[in-house]
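J.: Here you go, sequence then predicted model.
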Amino acid sequence: MTLVLVEVEDGAGNGAISEMSREALTFARRIAVPLDALVVGRAAAGVAGELGEYGVSRVYEASGSAFESYAPAAWAAAVVAASEASGDAGKAVLAAGTPRGSEVLAHVACRLGVSMAANVVAVENEEPFTVSRQVLGGAALEEMRLDDATVVLTVAGHTTEAQPAGTAVTCQVQPLDVAVSEQDLAARVVRVEPGEADASGNLKSAKVVVGAGRGAGGPGGFDDLLELTELLGGSLGVSRVVTSLGWRPHHEQVGQTGNRISPDVYIPCGISGAIQHWAGCSSAKTILAINSDPDAPMVTKAHYAVIGDMHEVIPAVNAEIRRRRGA
Amino acid sequence: MDVLVCIKRVPDVAGSVALTEDSMDVDARHVGYAVSPHEECAIELAVQVAKATDGAATVLTVGDEDAVEQLRDALAVGCGAAVLIEVEPRRYGPTDVAAAIADVVRDHEAQGRSYGLVLLGNDAADTGDFQVGVRLAYELGRPVVTGAATVEAAGESLVARVEAPEGAAVFEAPVPAVVTVMEGGVEPRYPSIPGRMKAKRVQIETVTPAREPVGSGRVRLHLPPVPPSQVEVLGKGAEAAPAMVDLLERLGVVR
Ligand SMILES: Cc1cc2nc3c(=O)[nH]c(=O)nc-3n(C[C@H](O)[C@H](O)[C@H](O)COP(=O)(O)OP(=O)(O)OC[C@H]3O[C@@H](n4cnc5c(N)ncnc54)[C@H](O)[C@@H]3O)c2cc1C
Ligand SMILES: Nc1ncnc2c1ncn2[C@@H]1O[C@H](COP(=O)(O)O)[C@@H](O)[C@H]1O
């Protein structure tokens, strides 16, 4: 049976399956159907309907005091218990390539004594089981063989489009007994401190992102960019040069070691488009680059570009938007 | 408390990637080498934690002899000792790397040098396996936290902060422990000239692993096709503003 660890997002009511978990479910159907899923630390009933639409016929629910605060090893114990309960030869265990998905499945691979493939984009071959996965932040792909009895892999974000199954199935909720040892709880979350709201808004889910790189010129070079961000109701994302020079905080960084974004429109200003930055923004539907260098990789890879000094272009764009709005 | 920090020498590619003829590696002949930004932060945290607890920071890598360059860089910013586990890197997968590091940790412990904390990057810049830290923890039977922005030692335990858009998750774990680090919580320092001089004089401990590697499962690398540039230039300078706003209106982001 193919088992998918599903992350549930907080929100109204019972929450919903996270976007990247829906992508992972869609990907898992390429390996085998119907699917089993696992929800840890919360009620699965609220998402059972949605799971059924994605081809999941059974969802295990691991709840109880061991899962009240996040302990990665305890989650891994739940995944192993679910994969044992789901039985069947030729098992596969999948999760989204999120921080939590990657962390828990690395534990699972250790517990099962098998290898793990991170950030998989495709199954190339069933026999021997071979996948393609992102390396170098997605600038290259690695074909990798997984020869163990159980396949453990995470699905790279924004590479599979989340799609419900052709025919929905009825998804049954099954409580799961998990033996969690004291050692499994040794490393655990003791408190969560709410994030600060700021110009980055929710960068990962923003529909419009205005990007800023070295071309911003200094910590004082962001006023026009922030105004544009506000006029478009978007978020600000920046390059690593900007964060390492201390112009903007690191949580606004886009790229291999920052956030992976997938907005409808990305407007990178004064960003050259190094592969590590591209790793974080290549899933944007439309890219409109503003750069003084017509040969910058960001310009040649973009759909649209304006060539020029961002400190001249952006104020003019802001003024034009305000003028059209009659403000 | 003594801290061990594990780093990996990787090709410092920025523009475009080239592969070796057999497609098994990145062709790094025309680029330099670096360590991942996550690992630069891990080095900084190792130095800070060691200093705060009157211990020393040791840097370690599993690689070929050229990786001494990265060890010296870490020595120049405050690590006091360095270990090279000398291997042919392409034969080593994440399981092998973790096993080789664990063997050295145990050997050092037997010699009376025990590490209360082992730091690694969250994921290596090249292979991005997202697992060496966790595998090392299982090898050593120690708790592990991944993706920490900061880590502090507090007596017999440690506190690690993992940042996320929704907020920071604060982890606690007893020491000895393994923590993998994500960029963003600390500013890596630059080497000073005396630091560089001192780094040159440090004797690097070189060891050869006892176990045979199982490998990484790599069949080959390939590069995703680069679509031809289809950029439509809307104009130059401020004069392009109306064309740009027209486009934004068509895309539905300006109303
Ligand atoms: C392992 C690793 C991980 C990394 N992770 C990330 C990551 O997560 N995110 C990331 O961004 N980088 C990352 N980097 C760094 C990356 O390689 C680049 O160094 C970085 O993205 C460059 O930032 P930049 O484009 O702002 O600066 P530059 O490369 O210096 O480019 C500046 C651009 O601005 C243009 N410009 C200058 N002035 C103006 C102006 N007035 N108006 C308009 N255009 C102007 C220039 O033509 C140029 O194209 C990583 C590197 C490594 C090795
Ligand atoms: N060859 C190596 N030598 C030393 N440390 C390594 C090596 N490979 C990986 N690591 C460490 O493990 C982290 C995670 O790597 P990975 O699991 O391969 O993505 C890296 O950021 C390094 O800190």
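T.: Thanks, I have the structure now. Numbering: from 1, shown residues only, chains lettered A, B, ... in the order given. Ligands and ions are numbered 1, 2, ... in the order given.
J.: CA only for contacts and neighbour counts going forward, please
T.: OK.
J.: List the buried residues for whatever helix or strand A:Pro315 lives in?
T.: When elements are assigned from DSSP states H and E, A:Pro315 belongs to helix A:310-324. Residues of helix A:310-324 classed as buried by neighbour count (16 or more other CA atoms under 10 Å in any protein chain shown): A:310-311, A:313-318, A:320-321.
J.: would you say B:Thr127 is within a strand?
T.: No: using DSSP: H, G, I helix; E, B strand; the rest coil, the secondary structure at B:Thr127 is coil, not a strand.
J.: Quick one: residues contacting it.
T.: Contacts here follow CA atoms under 8 Å, 6 or more residues apart in numbering or on different chains; on that basis B:Thr127 touches A:135-136.
J.: Please enumerate residues in contact with stretch A:122-136?
T.: Defining contact as CA under 8 Å, 6+ apart, one finds that stretch A:122-136 is touched by A:30-31, A:117-121, A:140-147, A:156, A:276, B:125-128.
J.: what bits of the stretch 1-150 of chain A have low per-residue confidence?
T.: Under the criterion of pLDDT under 70, the regions of the stretch 1-150 of chain A flagged as low confidence span A:11-14, A:89-90.
J.: Show me which residues of it are close to chain B?
T.: Residues of the stretch 1-150 of chain A lying close to chain B (CA under 8 Å from any CA of the partner chain) are A:99, A:102-103, A:106-107, A:110, A:115-118, A:134-137, A:139-146.
J.: which among the residues you listed end up buried?
T.: Buried among the residues of the stretch 1-150 of chain A next to chain B (16+ other CA under 10 Å): A:102-103, A:106-107, A:110, A:115-118, A:134-137, A:139-146.
J.: thinking again about what came up before, let me know whether the helix holding A:Pro315 sits next to ligand 1.
T.: Yes: Helix A:310-324 reaches ligand 1 (CA under 6 Å from any ligand atom) through A:310-311.
J.: Could you list every helix and strand that that helix packs against?
T.: Judged by 3 or more CA pairs under 8 Å, 6 or more residues apart in numbering or on different chains; DSSP states H and E, the packing partners of helix A:310-324 are helix A:223-231, strand A:286-291, helix B:241-250.
J.: Can you say which of the ones you listed is nearest to ligand 2?
T.: Of all the helices and strands packed on helix A:310-324, it is strand A:286-291 that lies closest to ligand 2, at 29.2 Å by CA to the nearest ligand atom.
J.: what is the rounded mean pLDDT of the closest one?
T.: Average pLDDT, strand A:286-291: 98.
J.: is ligand 1 contacted by the very next helix or strand once past it?
T.: Reading on from strand A:286-291 to the C-terminus, the next helix or strand found by DSSP H and E is helix A:297-301. No: Helix A:297-301 is not in contact with ligand 1 by CA under 6 Å from any ligand atom; minimum separation 7.3 Å.
J.: Just the CA coordinates for whatever helix or strand comes next after helix A:297-301, please, in PDB.
T.: Note on helix A:297-301: by DSSP H and E, the next helix or strand toward the C-terminus is strand A:304-307. Taking C-alpha atoms only, strand A:304-307 is exported to PDB below (Å, rounded to 0.1, in the frame of the first residue of the first chain):
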ATOM      1  CA  TYR A 304       8.500  40.100 -19.700                       C
ATOM      2  CA  ALA A 305      11.200  42.700 -18.800                       C
ATOM      3  CA  VAL A 306      11.700  46.400 -18.400                       C
ATOM      4  CA  ILE A 307      15.300  47.400 -19.000                       C
END
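J.: Just the ones of the contacts of stretch A:122-136 in strands?
T.: A:117-121, A:140-145 (DSSP state E).
J.: farthest pair in the residues you listed?
T.: Pairwise distances across the ones in strands among the contacts of stretch A:122-136 (CA to CA) peak at 16.4 Å, for the pair A:Ala140 and A:Arg145.
J.: out of the ones in strands among the contacts of stretch A:122-136, which one sits closest to ligand 1?
T.: Among the ones in strands among the contacts of stretch A:122-136, A:Ala140 lies closest to ligand 1 (CA to the nearest ligand atom), at 13.5 Å.
J.: can you list contacts of stretch B:60-71?
T.: Stretch B:60-71 has contacts (CA under 8 Å, 6+ apart) with B:4-9, B:34-35, B:59, B:82-89, B:97, B:100-101.
J.: Looking at stretch B:226-239 now, give me its mean pLDDT.
T.: On average, the pLDDT along stretch B:226-239 is 94.
J.: ok, the spatially closest residue to B:Pro11 that is not a sequence neighbour - contacts?
T.: Closest residue to B:Pro11 apart from its sequence neighbours, by CA to CA, 6 or more residues apart in numbering or on different chains: B:Tyr33 at 4.5 Å. Residues near B:Tyr33 by CA under 8 Å, 6+ apart: B:9-12.
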